[in-house]
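1. whatever this is, show me its structure:
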Amino acid sequence: MLSTIVFLPLAGAVLVLLSAGRGSRPEREPLVRYVALAASLLTFAATLLLWWRFDPSSAGFQFEEQHAWIPHFGIQYYIGVDGISLFLIVLTAFLTPIALLSSWESVHKSVKAFSVCVLALETAMLGVFVAIDLFLFYVFWDAMLIPMYFLIGVWGYERRIYAAVKFILYTMAGSVLMLIAIIGLAWAQAEATGQMSFNLLDLYDLTLSEQMETWFFLAFALAFAIKVPLFPFHTWLPDAHVEAPTAGSIILAGVLLKMGTYGLLRFAFPLFPAAALYFAPALGVLAVIGIIYGALVAMVQPDMKKLVAYSSVSHLGFVVLGMAAMNVQGVQGSVYQMLNHGVSTGGLFMMVGMLSDRRHTRLISEYGGLKAVTPRLVTAFLVITLSSIALPGLNGFVGEFLILIGAFRWHTWLTAFAATGVILSAIYMLWMFQRVNYGPLTNTKNTSLPDLSPREWALVVPVVAMAVLMGVVPGIFLRPMEPSVNRVIERVMNAQPQRARLGQPETAASTPRATDPIAADAVSRRQRQ
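-> Residues are numbered from 1 along each chain as shown. Take a look at the predicted model:
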């Protein structure tokens, strides 16, 4: 079933090529768009079926598929899904048709190639979230760069080539270090067992020297920190967001950035637990700097798209902070916040794209008083803005609340500084919303703007509905991920007795509390042994 979900968009890309015919056929563009949209909707339906069949009580991987690929090197086609990756798969499939539909009126150049790139990108993103073999993970990780590079470089705005090259160089730099670490892990596995393996479950049991574990963790962490992006590796993100087409920005913010935080939780922390616990305070400090820095820079942006881009730096800092805390509330809040950010920030880019399609400008100063002209659009914009600033009752509140609880148990002062980011986000988002939508209608170019079209209603309703659903009934998302989150925490916290090797004493704040029953139990058993 998983392979069907992963490669269904790629099959849709092949159908797009067949339906478009050879060469440039403008008369077939509507057919191309509908075929691509149908393929993405079918994939989304398949992920909902996956969610329906998923066993929420299990902490292990489900729907596993394992086949020998390059046996000589121990490389397998090995995929599976657990509670951590399940909703990231659903999020990817949810946002792809929204991205395609958002480009309906704005992309007119090479529609066939554009649709193929979006669908190929979806396959690569889904592959990243299901891969259990590290070599397979790296193949999907790098494959994802190619269609995203073209989406920015071909269908972007004025400085699109600069942004695309910067995106690829930053990401590739981190990826090369991760590849070296992956090969090193497989080699260490071969020395320990006599059999090379890239299987994540085998590598979890591998014992590394202190020095090797430290360097491997840093290689993985750097690759994922660039992708998040964590301060100070964030400079590629605003350029990529501003120059990308609306569809590219939705996918970039909604899914691609989550690959960095997902990688930290799936690979870096559980593979190298002692090193992860040692460097967790440093990650927490960088996360808090990113929260405050991103919010302050967003506050002074004249361009709506750039403002939302810097808000991503701030919001994803919360995700990393929750992971660094490494307790149930912090990690669960981090996973939930990944989903929230995909919905809220993807929705914000969608709204900015709608305004840009109407006025061909994203400057805040060009707007004002839109409430009198486009009241329905402004209402949708308001709900998505409130979800982004974590208003209770909407999705953003649940994730940030859990992260702050978990982080407070871990490090009080870091949490106090991070909490200022909540206030700052309300300031820059509401100030931007007020300047764009309220006040006098001074610009005559805005007097005749159309309100939401039927196509735009089809975009807005699912995003708003998801923001409300995740805010009102978070349990349907939190329950399935809890066993898998507990399993990761158990593995990482079992390394606590080794922390002295890396020079960091254990503290009460880093010890699992009674609210982390599985992790506390595991440490207790280890100490008795």
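
2. alpha carbons only for contacts and neighbour counts from here, please
-> Noted.

3. now Arg487, nearest residue through space, not along the chain?
-> Spatial nearest neighbour of Arg487, chain neighbours left out: Ala59 (6.5 Å); criterion: Cα to Cα, 6 or more residues apart in numbering.

4. looking at it, that neighbour is touching Arg479, isn't it?
-> No - using Cα atoms under 8 Å, Ala59 and Arg479 do not qualify as a contacting pair, with a distance of 11.1 Å.

5. so for the two, which residue has more residues nearby?
-> Ala59 (19 against 14; other Cα atoms under 10 Å).

6. let's verify the more buried one: helix, strand, or coil?
-> Under DSSP: H, G, I helix; E, B strand; the rest coil, Ala59 falls in the coil class.

7. same check, this time on Ala276
-> Per three-state DSSP, Ala276 ends up helix.

8. gap between the residue nearest to Arg487 and Ile84?
-> Taking Cα to Cα, to the nearest Å as the measure, Ala59 falls 9 Å from Ile84.

9. what do those two both touch?
-> Residues within reach of Ala59 and of Ile84 at once, by Cα atoms under 8 Å, 6 or more residues apart in numbering, are Ser484, Val485.

10. so where do the helices sit in the stretch 51-200 of the chain?
-> Using DSSP state H, counting those that start in this stretch, the helices found in the stretch 51-200 of the chain span residues 83-102, 111-130, 134-143, 145-155, 160-193, 200-203.

11. ok now the last one, how far from the chain's centre?
-> Chain-centre distance of helix 200-203: 24 Å, with Cα atoms, centre = their mean, to the nearest Å.

12. quick check: next helix or strand after that helix?
-> Counting by DSSP states H and E, the next helix or strand C-terminal to helix 200-203 is helix 210-227.

13. and that following helix, how far out from the chain's middle?
-> Remark: helix 210-227 is offset 19 Å from the chain centroid, using Cα atoms, centre = their mean.

14. what's the answer for stretch 443-463, then?
-> 27 Å.

15. return the set of buried residues in that stretch.
-> Along stretch 443-463, these residues count as buried under the neighbour rule (16 or more other Cα atoms under 10 Å): Asn446, Asp451, Leu452, Glu456, Leu459, Val460, Pro462, Val463.

16. got a list of contacts for it?
-> With Cα under 8 Å, 6+ apart, stretch 443-463 has contacts from 98, 101-102, 343-344, 347, 358-359, 366-368, 370, 373-377, 380, 384, 441.

17. put the buried members of the residues you listed into a ChimeraX selection.
-> Buried members of those, defined by 16+ other Cα under 10 Å, are picked up in ChimeraX with:
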select :98,101,102,343,344,347,366,367,368,370,373,374,377,380,384,441
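
18. among the contacts of stretch 443-463, which ones are in helices?
-> Using DSSP state H, the subset of these located in helices is 98, 101-102, 343-344, 347, 358-359, 375-377, 380, 384.

19. so which of those comes closest to Phe198?
-> Of all those, Phe198 sits closest to Val343, with 33.1 Å by Cα to Cα.

20. measure the closest one to Pro97 for me?
-> 13 Å.

21. pull the CA atoms of the lengthiest strand in the chain into PDB?
-> The residue-count maximum for a strand in the chain (DSSP state E) belongs to strand 62-70. Extracted as PDB, the C-alpha positions of strand 62-70 are listed here (Å, rounded to 0.1, in the frame of the first residue of the first chain):
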ATOM      1  CA  GLN A  62       3.400  -0.500  10.000                       C
ATOM      2  CA  PHE A  63       2.600  -1.400   6.400                       C
ATOM      3  CA  GLU A  64       6.300  -2.400   6.000                       C
ATOM      4  CA  GLU A  65       7.600  -3.400   2.600                       C
ATOM      5  CA  GLN A  66      11.100  -4.800   2.400                       C
ATOM      6  CA  HIS A  67      13.000  -6.000  -0.700                       C
ATOM      7  CA  ALA A  68      16.600  -6.500  -1.500                       C
ATOM      8  CA  TRP A  69      17.900  -3.700  -3.800                       C
ATOM      9  CA  ILE A  70      21.700  -3.800  -3.800                       C
END
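
22. now for it, which elements pack on it?
-> Applying 3 or more Cα pairs under 8 Å, 6 or more residues apart in numbering; DSSP states H and E, we find strand 62-70 packed against helix 2-20, strand 75-81.
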